[in-house]
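> quick one: sequence and predicted model below, then my questions.
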Amino acid sequence: MNDDTHPPASTEHEVYLLRVWYESDGARPVWRASVLLPNDSQRRYFAVPATLLEFLGLHVVRQHRPDPSQSGQAVPRAITDPRSD
């Protein structure tokens, strides 16, 4: 039986550590996120949800291409934040 809500089992998978939170920016809360990619010790920070989703989307697509330069798409830049978690 094939359930369309679950992808087929695969031995190829990746785990991402994603954190989402709100910070105070004066009088209003602002959205923030960080992501730690598989096999990477560098955490990337985001201030816009669409930028995070685009970054993850392009990263996942690139994992299935041997040469990332063939994608023709630029990877969005994450915000660098010197704070540690």
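Yep, that arrived. Numbering: from 1, shown residues only.

> how close does Trp31 sit to Pro49?
6 Å (C-beta to C-beta, to the nearest Å). Heads up, the C-betas are built off the backbone N, CA and C, glycines and all.

> identify the contacts common to these two.
Taking C-beta atoms under 8 Å, 6 or more residues apart in numbering as the contact definition, Trp31 and Pro49 share no neighbouring residue.

> buried sites along the worst-scoring helix or strand of the chain on mean pLDDT?
Among the helices and strands of the chain, helix 49-62 carries the lowest confidence by mean pLDDT, DSSP states H and E, at a mean of 88. When burial is assessed from 16 or more other C-beta atoms under 10 Å, helix 49-62 yields the following buried residues: Thr51, Leu52, Glu54, Phe55, Leu56, Leu58, His59, Arg62.

> for it, packing partners?
The contact analysis (3 or more C-beta pairs under 8 Å, 6 or more residues apart in numbering; DSSP states H and E) places helix 49-62 against strand 28-36, strand 43-46.

> deepest-packed of those strands, please.
Mean neighbour count (mean count of other C-beta atoms under 10 Å) peaks for strand 43-46 among those, with a mean of 20.
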